[in-house]
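S.K.: got a predicted structure here, sequence first:
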Amino acid sequence: MKKKCKLLCFLRGGLLRTSLREKLLAVLMFASFNVFAADGYDQTTKFSFELNGVTIKAVFQKIEESSEFKVLYNEKTLDVNRHVNVNVKDENVESILDQLFKGSKNAYQVYDKQIVITESKDSPSIQKSKSGKSQKKEITGVVKDTEGETLPGVTVLVKGTNIGTSTDLNGKFEITVSADENVLVFSFVGMNSQEVKIGDQTVISVILDEKSIGLGEIVAIGYGTQKKRNVTGAVQSIKSDELLNLPVAQIGQKLQGKTSGVEILQTTGIPGQGMAIRVRGSASINASNQPLYVVDGFPIVGDISNINPDEIESLSILKDASATSLYGSRASNGVVLIQTKMGQLGKTQISLNGYYGIQSVPQKGRPDMMNAREFAQFEKEIREEYAAYKGTVATIPEEYQNPEQYGKGTDWYNLLLRDAPIQNYNLTISSNKDRLRTTVVGGYMNQDGVLKNSNFSRFSLRVNTEYRLSDRVKFGLNVAPTYSKTLTPKSDGSLWSSGILESAILSSPIAKAVNDDGTLPLTATGAGMFPNPNWLRVVDEVKNNTNDTRLLSNAYIDFEVIKDLHFKSSANVDMDNKQLQYFSPSTSGSVYAVPPQKTKGSVTTTSYLSWLTENTLTYSKTFNDHQIDALLGYTAQKYRYDYSYLYGTTFPDDQVTTLNAAATITGSSLAEEWALLSWVSRLNYNYKDKYLLSLAMRRDGSSRFGKDNRWGNFPSVSAGWILSDEKFLSSMPKISYLKVRASYGLTGNNNIGNYSHFAAVNTDNYAFNGVLASGKTTTSLSNTELGWEKSDQFDAGIDIGLLKDRIFFQYDYFNKTTSDMLYSVSVPQESGFSSFTTNTGKFQFWGHEFVLSTKNMIKTFKWNTDLNISFVKNKVLDLGDGIDHIGGLTGDPFITKVGEPIGQFCGYVFDGIYNNQEELDASPKHATSTVGTVRMKDTNNDKVIDDYDRTVIGNPAPKFTYGITNDFSYKRFDFNFVISGAYGNKIMNRSLESTQNLDGVFNVTKDVAKRWRSEENPGDGVHPRAMIGTGLARLMNSRWVSDGSYATLKNVTLGYTFPTQNMLKYIKSIRLYSSIQQAFVLTAYEGSNPEVSANGDSALGQGIDWSAYPVPRTVSFGFNLNF
Amino acid sequence: MKYIKTNIAILSAFLLFLSSCSEDFLDCQPITFVSSDQFYATEDNFTQALNGAYSSLRGIFDSGYIMGEMRSDNTHYNYKENDRGLQNVDKEDIDGFVDDPTNRYTSTKYVACYKGISRVNVILDRIKAANFGDDAKNEIIGEAKFLRAFYYFELVQYFGGVPLHLNEVTKQSEAYLPRSTVDEVYAQIIEDAKDAVSKLPLIQATKGRVTKGSANTLLGYVYMTLKDYSTAETYLKSVVSSGTYELLPNYADIFSTSNKNNKESIFEVQYMQGTQGINSSWTYQFIPALSNTAVITGVVGNNGIIGGWNTPTNDLINSYETGDLRKDASIAFGYTDASGIFIASPFVKKYNHAHTIYNNTDDDWMVYRYADVLLLLAECLNDQSKSAEALPYLNQVRNRAGLGNVTVTDKSQLDEIIAHERRVELAFENHRWLDLVRTGKAIEVMNAAGDVMKQEHSYLLARTYQVNEDKFIFPIPQTELTLNSLLEQNPGY
């Protein structure tokens, strides 16, 4: 940052000593530090105006209003009230200044955006003119940074005046002050300003330290930006440089471990998919829980998984109601604002970033299935045990008669996996020349999945431009087309939904995946087992390819109506077209549908168009100590979704896979729409920059709700007080920053189906005498009163900076109540319907978020730590009249009860095995219980084990989540690691239902060998006897639930930046790095991914593991080149 | 200052334009379906709604055999020692009288009946306000009321007194009703069915729609079940005397897919093979579990997971009289596998007809047919001790089966003969279990059958086939009990 110092501050003030030496120095330094900004701002900014008979002061004002120039002058040497005529047309500032000062004794200097007016060289010097005054003092000194290096270009000002100078190349300064002035202010970009009392000193040396927390940093808030120090809501902002080193495909993956109060889980390792993001545990019953994503001001409809992370400049997560209420009806689950890159002023930058990595699945977490020998032994033994039970003689199929003949056999899981490369390259060019500001980001990413035949690739381009038509009017256009392609074998899910991973591990290890002659068998079946296809073929030969083309674009015009009042109008479009091509050849299949199968193929096309127009008026003004920012806006958004599906069967062969070859083709299409109209308004006020107040209000009308209830109001208020700016705290210099803030507001959720309030009449056909008779039936209940799901949220927080912000601590408490939840209440099916969509129920969420950022070492060896930890709890307050729970019906793994947390697991409580007849006789029993079967707890003490004994058996929500980031740098080395974790979350491993099945139809886990065999050989007390009465054991029970706490080392990076000044002419910097993603997962959970969740999007149904696609460990190498 | 004024003027105009955007923008009507307030207006709408009400019948008969036939002594299943999946266990439980309220198949029937009832209720509530002719309305009302009576008759026979929903449920609060008594349900069935009789034609222009004969048969069954034999006789005789129906000469033709809605058919649930989703498929559940079904059905597929149910018991097979043509028409005793070996594994053959897609058949389900009415009438007459009068009806059916006349007039002997005749004539048509309950023989017959079965099959646990009066009806599904606290469970569950 230091190096980018604008040396212009250098000559600030009319009283600057204007010796030739310094001017020269200034020019030299300017040249040496801004070589890449060949055309400075002064050259690119053009003016056109005609002013007659105005004062010089008015001309200066005009220049400042219509550009970013600042004019510095001394009224003692310049008569600003002199009337002049200025007439320029598309000319630069020098022309104006030439006209102004022609023939006068004043001269000027322009340094980028600063104009300094001086007396001309031959006029009497300032020194002289002041020499007549009494009592002056000459002060000298050196300014250094904390590492002891001198700082050139530091502005030195006499407090409360325009009098000042700046340090030279050696960090030295000289200034003459009158004796009654007693404070000097030292300021420098990126450093904390410092005030020094002069007193009797004549030599003052100062050490400036870097701003550890960018409180001056601008953060994006809804419909605008704000200085971080003045933000009164709960907003977490993340800059792109924090995300640079993570070689992953999705934004969500980059954010893991870095956010407080935001749970980011990778539920599956499928390339390009699977990130679940939940802000403050937000949950709704039926409606979605994903936050609203807003890209460059445009609330998008799709998700962010296919947006190139390298296009992002910064990202703000809005958490509390004051921050989110401006997004009204869609804000309940939090809002993620994404700002894409825009060329920085005065610079042309080119950078090329890339990485290449290899992904592999760690050994830990792979399912521990029996090998061929163990499996044959198992199949043989269960038959013998069962025969003994029946008193008959076992018939053992030949292939199991002699287990010793087998070795390890086929390890289906390992066979389907591979080590896979991932690579990504991005070229970014940004410039800001003349009136045009442009950034172009082009990216290519290609990730092979660790499951064979899975791949994600993406080509992306973003062109952001802004054109200044005049000093009052700006046009902008952002266009971002993305093309991505995914190959996704159906890896996840249970075997009944043809999930390849679960099906494969259940297949016989005796069956061969590859014949000895190298050919691939068609099936993988064993005697008495469920017949399976050869999963190696299925994974390789089934085509399941999605092509996705997306265009995200914004166009806007910004027009200054009168001074400080801006009108901005924008048109935004998000278009997406996806095509899924599927083909299943005759050699593929699924459980019970083994090859040769009928060939089948389909083409599914989905597309959407979402457009938004937004018109806002903003006004910002400072008068004396008062500053206001006001916003008023109107937006309209419409969305249309189209879906079509073609399905063909009976292809003559597996060669032509397009539908033209199919003998039978069927198809259908669907379409949906929604619309939203909204008013937004906000007033931010601050007094003396330390008393802060913000009022906001949005009014939304949505087509998704019943006519009688479609408009909603979403107000919020927040206030902050920066105590550290008060006098009473100035006696505690260790407290460098202290702010308290609080907010309260309402937000909404409209994430339900588009037509839920209608009673739908759908097709349900019949036939008469072999002829189709079209039938219709009402399939849902209407609800004209269906309206918003509302959340009111209170948030209180404190920000503390200690020791010049080297230690920065942030704490937030929040308490949110979501009511009128959009919920499909299950109704008795005697009504003819199974559910009714209504607003009912109340959930409460509350929690604590802590963030601690420290600069542990700041010298040559730098070490920064960011730590965050969040405790989020929830409770069901109400579920509507007469309903004390939802879910928990027979076979339902989840229950949500009033007075308890949402979405808990529900089932029997496992209580061991009935080891012998006495135990069985003495215990409560299920109808199917016999010796050797599982014993479940009689939770209602009615001496019978039945459906009523099912109870809560675990909560998938973590007690707390945390993240730790450590950055180290030493000279040219940098090192960083990120840990992300959760504690107390439970996972239900539903694959155990099959992987420990005792029927002999599946391969099983090794520990099944420890099952109950006889009273003398009761096993490990966990696995029941084979064959009879295992029914109860395969109902959901507490044995499948285990602790999912984890700490994952998400990323470790080591980088080195090469010195290039003398090496390569056009390369500004080269950095090479190596990193490991998902380096290590510390967890007691036996499955492969403790972040798993079968259904990441439904809050009431989380935490189920069906052998999901494993998350790989990635070792990669990358580079950052700046030109 | 001029530019300021202009700017403000432009801006004001723009804002005015925006705020004039009306609510119309927010009216997004559904595109891919109609909302109910835009439907139910024309005759065509109501015809479609009626077809929708028929469509729920499929939900009953797709798995109707489990409660109607497997529960009885007619059929059992091929035990899958190595597949104890709960979808199997639930079927076995019903067969063995150890089912509980969480059983998925009892729930399926319960829900399907009420789906049909609600569809009828919508029609009946809304048709009054519709603007088309009364004659057309009455035709629709007649069919709709038959369907409601039929659905409630299914419910009351299988579950006892159930909640009596007679109007469209339009809001959540209306969905909760307590159980009505058995008598109340029957009263409603009779009222609806009688209204249907008065409105329905003898012959429908569209074959497959219910007729006066269907409703008369239904009433005959209802009164038989209520043991009001004289009233039953009236209705059953009106079916016979209508002259609309006759026995087909060849028993197997009754079920042929090329012979739908034939002269013997009184009420037949319609199916259609193909991709419209209205096909039948029970043949694939009835034949043995095979890795390739082509050896029986001619279509390749693996029904390993769904096959092997509703298999004829030895007791049934042995009960056919010598020379009974129905035996071979109804039952196959095995099949020849791909290598030409005959595998002895009896299965239901009645519904095995040509089709083209695996697990997708064209068979209709015969609910009421003329032979059924004749035998029921014979039973009805014998119940009233008019045994001699019963014989011709019984013998009509026997003769077609290639059997000689029965001449026995002893009431109790004839009772046995008619019951047996119904057993074999209507085998695998979901009559046997209800016949056993109606005639009061269920406890005796099933406990005896259970003893035999347990000897034959070592996998049957001791607790199976403990049949008492509680087992005449099935439990109310657990889910409904959980959702509706007004409901009470049947005794014994």
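M.R.: Everything's here; your move.

S.K.: so who does the closest residue to chain B within chain A touch?
M.R.: In chain A, the residue that lies nearest chain B is A:Gly832 (2.1 Å; CB to the nearest CB). Quick note: C-beta positions are derived from backbone N, CA and C, even for glycine. Going by CB atoms under 8 Å, 6 or more residues apart in numbering or on different chains, A:Gly832 touches A:Thr778, B:Tyr114, B:Lys115, B:Ile117, B:Ser118, B:Arg119, B:Asn121, B:Val122, B:His165, B:Val169.

S.K.: okay, those in a markdown table with pLDDT next?
M.R.: A markdown table is the format used below for the contacts of A:Gly832 (pLDDT from 0 to 100):
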| residue | pLDDT |
| --- | --- |
| A:Thr778 | 90 |
| B:Tyr114 | 97 |
| B:Lys115 | 96 |
| B:Ile117 | 97 |
| B:Ser118 | 96 |
| B:Arg119 | 96 |
| B:Asn121 | 97 |
| B:Val122 | 96 |
| B:His165 | 97 |
| B:Val169 | 92 |
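
S.K.: where does the stretch 501-650 of chain A dip in pLDDT?
M.R.: Along the stretch 501-650 of chain A, no part satisfies pLDDT under 70.

S.K.: any idea how far B:His457 is from the spatially closest residue to B:Tyr465 that is not a sequence neighbour?
M.R.: Leaving aside its sequence neighbours, B:Tyr465 sits nearest to B:Gly450 (CB to CB, 6 or more residues apart in numbering or on different chains; 2.4 Å). Here the criterion is CB to CB, to the nearest Å. By it, B:Gly450 lies 10 Å from B:His457.

S.K.: repeat for A:Ile285
M.R.: Relative to B:His457, and taking CB to CB, A:Ile285 is found at 47 Å.

S.K.: who has more neighbours out of the two?
M.R.: More neighbours surround A:Ile285 than the other of A:Ile285 and B:His457, with 25 against 13 (other CB atoms under 10 Å in any protein chain shown).

S.K.: quick one: residues contacting the closest residue to the more buried one other than its chain neighbours.
M.R.: Take A:Ile285 and drop its neighbours on the chain: the residue closest to it by CB to CB, 6+ apart is A:Tyr823, 4.2 Å away. With contacts defined as CB under 8 Å, 6+ apart, the neighbours of A:Tyr823 are A:Ile285, A:Asn286, A:Thr837, A:Thr838, A:Asn839, A:Thr840, A:Gly841, A:Gly880, A:Ile886.

S.K.: now the element after the host helix or strand of A:Tyr823, going C-ward?
M.R.: For A:Tyr823, the host element (DSSP states H and E) is strand A:807-826. Next in sequence after strand A:807-826, counting helices and strands by DSSP H and E, comes strand A:835-858.

S.K.: circling back to that earlier point, the residue nearest to A:Ile285 pairs with what?
M.R.: A:Tyr823 has these beta-bridge partners by DSSP bridges: A:Thr838.

S.K.: any chance of the contacts of A:Tyr823 in TSV, plus pLDDT?
M.R.: Output for the contacts of A:Tyr823, formatted as TSV (pLDDT from 0 to 100):
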residue	pLDDT
A:Ile285	72
A:Asn286	68
A:Thr837	83
A:Thr838	84
A:Asn839	86
A:Thr840	84
A:Gly841	87
A:Gly880	80
A:Ile886	82
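
S.K.: just the buried residues from the residues you listed, in ChimeraX please.
M.R.: Command for ChimeraX that selects the buried part of the contacts of A:Tyr823, burial taken from 16 or more other CB atoms under 10 Å in any protein chain shown:
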select /A:285,286,837,838,839,840,841,880,886
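
S.K.: out of the contacts of A:Tyr823, who's nearest B:Leu147?
M.R.: Closest to B:Leu147 out of these is A:Thr837 (27.6 Å), distances taken as CB to CB.

S.K.: separation between the spatially closest residue to that closest one that is not a sequence neighbour and A:Ile902?
M.R.: Distance criterion CB to CB, 6+ apart; nearest residue to A:Thr837, sequence neighbours excluded, is A:Ser756 at 4.5 Å. Distance, A:Ser756 to A:Ile902, by CB to CB: 21 Å.

S.K.: between these two, who's got more neighbours?
M.R.: Neighbour count, other CB under 10 Å: between A:Ser756 and A:Ile902, A:Ile902 has more, with 25 against 21.

S.K.: and that one, what does it touch?
M.R.: The neighbours of A:Ile902, taking CB under 8 Å, 6+ apart as the test, are A:Ala283, A:Phe843, A:Asn874, A:Val876, A:Thr896, A:Ala957, A:Ala1099, A:Leu1100.

S.K.: which residues belonging to the biggest helix by length in chain B are considered buried?
M.R.: For chain B, the helix reaching the highest residue count under DSSP state H is reported as helix B:134-159. Within helix B:134-159, the residues that count as buried by 16+ other CB under 10 Å are B:137, B:139-159.

S.K.: what ranges of the stretch 301-450 of chain B fall below the confidence cut-off?
M.R.: Answering for the stretch 301-450 of chain B: no residues sit below the bar, that is pLDDT under 70.

S.K.: what's the neighbour count on the nearest residue to A:Ala372 once chain neighbours are set aside?
M.R.: In this structure, A:Ala372 finds its nearest non-sequential neighbour in A:Gly409, 2.4 Å apart by CB to CB, 6+ apart. Close neighbours of A:Gly409, defined as other CB under 10 Å, add up to 20.

S.K.: one more: B:Thr42?
M.R.: Each residue near B:Thr42 was counted by other CB under 10 Å, and the total is 12.

S.K.: all strands for chain B, in order.
M.R.: Per DSSP state E, chain B carries strands over the ranges B:34-35, B:75-77, B:265-269, B:309-312, B:331-336, B:342-348, B:365-369.

S.K.: residues contacting the shortest one, please?
M.R.: Contacts with strand B:34-35, where a contact means CB under 8 Å, 6+ apart, come from A:Tyr755, A:Phe758, A:Ala759, A:Ala760, A:Val761, A:Lys776, A:Ser782, B:Gln29.

S.K.: cool, and the second one?
M.R.: With contacts defined as CB under 8 Å, 6+ apart, strand B:75-77 is touched by B:65, B:69-70, B:91-92, B:95, B:308-313, B:316, B:348, B:428, B:453, B:457.

S.K.: listing partners with orientation, what would you give for that strand?
M.R.: As defined by DSSP bridges, the strand partners of strand B:75-77 come to strand B:309-312 (antiparallel).

S.K.: let's see the strand it pairs with as CSV, backbone CA atoms only.
M.R.: Extracted C-alpha coordinates of strand B:309-312, given in CSV (Å, rounded to 0.1, in the frame of the first residue of the first chain):
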residue,chain,number,x,y,z
TRP,B,309,-47.2,-62.3,-4.4
ASN,B,310,-50.8,-63.4,-4.3
THR,B,311,-49.8,-67.0,-5.1
PRO,B,312,-52.6,-69.6,-5.0
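
S.K.: is A:Ile557 in a bridge, and if so with what?
M.R.: A:Phe475, A:Ser569.

S.K.: can you check the one 5 residues further on too?
M.R.: Here A:Ile562 shows beta-bridge partners A:Leu565, assigned using DSSP bridges.

S.K.: can you pull the pLDDT of the residue in the stretch 251-400 of chain B that chain A sits nearest to?
M.R.: In the stretch 251-400 of chain B, the residue that lies nearest chain A is B:Met272 (3.8 Å; CB to the nearest CB). Note on B:Met272: pLDDT of 96.

S.K.: what of B:Ala187?
M.R.: Per-residue pLDDT puts B:Ala187 at 97.

S.K.: do the one 4 residues further on as well
M.R.: If you check B:Glu191, the pLDDT there is 97.

S.K.: near chain B, which residues of the stretch 301-450 of chain A show up?
M.R.: For the stretch 301-450 of chain A, the residues in contact with chain B (CB under 8 Å from any CB of the partner chain) are A:Tyr386, A:Lys390, A:Gly391, A:Thr392.

S.K.: so which of those residues is the most crowded?
M.R.: Neighbour-wise, these (other CB under 10 Å) top out at A:Tyr386, 21 neighbours.

S.K.: checking my notes, that one in a helix, right?
M.R.: Yes - per DSSP: H, G, I helix; E, B strand; the rest coil, A:Tyr386 lies within a helix segment.
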